[in-house]
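# Predicted coordinates and the sequence they were generated for:
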Amino acid sequence: MDIDSDYERPNVETIKCVVVGDNAAGKTRLICARACNATLTQYQLLATHVPTVWAIDQYRVCQEVLERSRDVVDEVSVSLRLWDTFGDHHKDRRFAYGRSDVVVLCFSLANPNSLHHVRTMWFPEIKHFCPRTPIILVGCQLDLRYADLDAVNRARRPLAKPIKPTDILHPEKGHEVAKELGIPYYETSVVAQFGIKDVFDNAIRAALISRRHLQFWKSHLKKVQRPLLQAPFLPPRPPRPIVSRPDPPAVDGVPNSLFCQPLCADVLFLLEGGTTQVFAHKVYLATSCSKFYDIFTLDLGMMGEGRSKFGDEEDCFHEPKTSQSDNAIPARTQCSAGVLRGSRIVSGWGRGFVSVSLENVKDPVTGRSRVMTVVTMDELIQKGPFQAVLEYLYTGSLDESRGDLKQVATIAELLEVFDLRMMVANVLNNESFMNQEITKAFHVRRANRIKECLNKGTFADVVFRLDDGYLPAHKPLLISSCDWMAAMFRGSFMESYTNEVKFNFFADLLLGIPLLCELMEFCCWLCQVFRVRQMLGEKEQCLGLSQGSAAGKGDWSRPGA
Ligand SMILES: Nc1nc2c(ncn2[C@@H]2O[C@H](COP(=O)(O)OP(=O)(O)OP(=O)(O)O)[C@@H](O)[C@H]2O)c(=O)[nH]1
């Protein structure tokens, strides 16, 4: 078939579309993608740029090209003739512009200069040679916006100027220029095969509308629409991020490991006159020691209100810095920033405690400053035995080889942790075999109290935002019972320092609050069971407990089951 035959077919609108733009903007590749359905990979494309002009003669010599030039847009049969041009600014393109129906003005989305030239050079040139021809602005090489530019630069020809991230143009830039010039704007990628049809279909529309104005008698043009908006590009899925997940905590090491590495700690103990700091987790301490429970549930936000049930005469509030009274908190050297809320003197609670306050404290793991409960202990309490007591409150076990067991017993007595005092007595009386029972009872009691905390949200330090509401939870418990939670809260993820976590994927899985509650309770329960099993080394006995045979001491069935 001859190129001229389309010109003779009735009701076939032949459209001359001239493609202009800077060198290497992507004109030829765009034309080839439309005219020859040429598809190349990014690396083939990058490696092969030679300044070219696609020859209009192709319509004459190549049947496929001629076939592909035919199209139907808005019920109008068209034959699209694409004219490639040189990008050199100084070259004469008047021949190409002559009798054009539409001009496609290209720039590269990876070259801000090429967009600048649209305004300063190409638009004026088009207006000069064909003032009434509609123009379509096209940002080419869209895939580079989402590409790994280092890899792209390595694949480009050795002398090609590397593309910098700052070279990449955002869609707004193209839209701004198009708006200013009053022309439609599209983006294309030959690699992603995106936008090619949009550009040429809408170029055809623009040409047909302009023709309809001049040839108003052509009734078959009446359904032609104005150029349409382009659907947004769906960027390719980025490569999977390399996430290094910290080693999962071993079940037998938790919460010991939490105790040693105070991740997500929310309470700071100041010992030995404020010179020694020990970080800990309220939920562990409060669920195994009622003194701590009472201290941590004190309302420190209610300045000057309420009185403690212990030792009224000593129970008072004072503001930071202003307190010069006898009840003043001992000077602190290591604790950062000041007291946030009222500090409360709690020495009436027993010899162990001095005061409790809410303060901004530097997190020992993340180094970020955040609000923690700060408990100042009597300066006679030594770090070593105090830590042994805390370790018992976390794990229910005692290092029986310690040399300072008597001090441990004294602190246990001050804190009213009578089980621990009994454990020490057993060790000293060479009856440590009895301690297994104590540990067992400890876990039973603690499991129930943890369940209660979960239900009430007491000491919660994170909130899960789900589709059907909010669910308070405890990072230390989650970290110690679920590798996945541990990775989220102990790693470098944002969640490790925020107080709210949005669970999109749970929502996707249609998991709402009830199911997440179940999941968390189950995690915590599992953790307790494993610990007892591991400690006693008596698998069968543990299974027996889970069927309620623990002499009615505690609820070993799965919470909420
Ligand atoms: N990644 C990517 N590269 C493209 C795309 N289109 C063109 N290129 C590359 O950009 C360079 C220029 O493409 P051409 O189509 O030859 O550019 P041109 O505007 O015709 O250039 P001149 O012929 O010099 O005027 C080549 O290396 C192409 O491989 C695209 O969509 N994506």
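Good, I have the coordinates. Numbers count the residues shown, from 1 in each chain.
# Just the buried positions in stretch 169-186, please.
Taking 16 or more other CB atoms under 10 Å as the neighbour-count basis, stretch 169-186 is seen to contain the buried residues Leu169, Pro171, Gly174, Val177, Ala178, Leu181, Ile183, Pro184, Tyr185, Tyr186. Glycine gets a C-beta too; all of them are placed from N, C-alpha and C.
# in what helix or strand does the residue nearest to the third one when sequence neighbours are not counted lie?
Just to be clear, that refers to Gly174. Excluding the flanking residues, the one nearest Gly174 by CB to CB, 6 or more residues apart in numbering is Gly139, at 4.5 Å. Secondary structure here is read from DSSP states H and E; on that basis Gly139 sits in strand 135-140.
# Rounded mean pLDDT for the next helix or strand after that strand, please.
The first helix or strand that comes after strand 135-140 along the chain, using DSSP H and E, is helix 149-155. Regarding helix 149-155, the rounded mean pLDDT is 87.
# quick one: the strand holding Gly139 to chain centroid distance?
Average the C-alpha atoms of strand 135-140, do the same for its chain, and the two points are 35 Å apart (CA atoms, centre = their mean, to the nearest Å).
# Sheet-wise, list the partners of that strand with their directions.
In the sheet containing strand 135-140, the strands it pairs with under DSSP bridges are strand 102-108 (parallel), strand 185-187 (parallel).
# Between those, which one is closest to the ligand.
In terms of CB to the nearest ligand atom, the element of the strands paired with strand 135-140 nearest to the ligand is strand 102-108, at 6.3 Å.
# Outside of the closest one itself, list whatever touches it.
Taking contacts as CB atoms under 8 Å, 6 or more residues apart in numbering, the residues outside strand 102-108 that touch it are 15-22, 24-27, 30, 97, 114-115, 117-118, 122-123, 126, 130, 133-141, 174, 183, 199-200, 203-204, 206-207, 210.
# which residues pair with the residue nearest to Gly174 across the strands?
Those that pair with Gly139 in a beta bridge, by DSSP bridges, are Phe107, Glu187.
# Endpoints of stretch 374-386, how far apart?
15 Å (CA to CA, to the nearest Å).
# So which of the contacts of strand 102-108 sit within strands?
Counting by DSSP state E, the members of these that fall within strands are 15-21, 135-140.
# Now the two most distant members of these.
By the measure CB to CB, Lys16 and Gly139 form the most distant pair in the ones in strands among the contacts of strand 102-108, at 22.7 Å.
# returning to what we had before: which member of the buried residues of stretch 169-186 is positioned nearest the ligand?
Proximity of those to the ligand was ranked by CB to the nearest ligand atom; the top entry is Tyr186 with 12.5 Å.
# Poorly predicted segments of the protein, please.
1-10, 38-53, 243-257, 301-342, 490-561 (pLDDT under 70).
# Tell me how it divides into domains.
Listed domain ranges for the chain are 13-221, 255-299+342-447, 462-508+516-533 (source: the TED database).
# And stretch 19-32, end to end?
12 Å.
# picking that back up, for the buried residues of stretch 169-186, give me CSV that also has distance to the ligand.
Output for the buried residues of stretch 169-186, formatted as CSV (distance: CB to the nearest ligand atom, whole Å):
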residue, distance to the ligand
Leu169, 13
Pro171, 15
Gly174, 14
Val177, 18
Ala178, 19
Leu181, 19
Ile183, 19
Pro184, 19
Tyr185, 16
Tyr186, 13
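# And stretch 275-289, how far out from the chain middle?
Distance, centroid of stretch 275-289 to centroid of chain: 30 Å (CA atoms, centre = their mean).
# for it, which positions count as buried?
Along stretch 275-289, these residues count as buried under the neighbour rule (16+ other CB under 10 Å): 276-289.
# coming back round to it: contacts for the strand holding Gly139 next, please.
Surrounding strand 135-140, the residues in contact under the criterion CB under 8 Å, 6+ apart are 21, 25-27, 29-30, 102-109, 115, 118, 123, 126, 169, 171, 174, 177-178, 181, 183-190, 195, 199, 202-203, 206, 227.
# CA-only coordinates of that strand, as PDB, when you get a sec.
Extracted as PDB, the C-alpha positions of strand 135-140 are listed here (Å, rounded to 0.1, in the frame of the first residue of the first chain):
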ATOM      1  CA  ILE A 135       0.800  21.800  21.100                       C
ATOM      2  CA  ILE A 136       1.100  18.900  23.600                       C
ATOM      3  CA  LEU A 137       3.900  19.000  26.300                       C
ATOM      4  CA  VAL A 138       5.500  15.600  27.000                       C
ATOM      5  CA  GLY A 139       7.900  14.700  29.800                       C
ATOM      6  CA  CYS A 140       9.900  11.700  28.600                       C
END
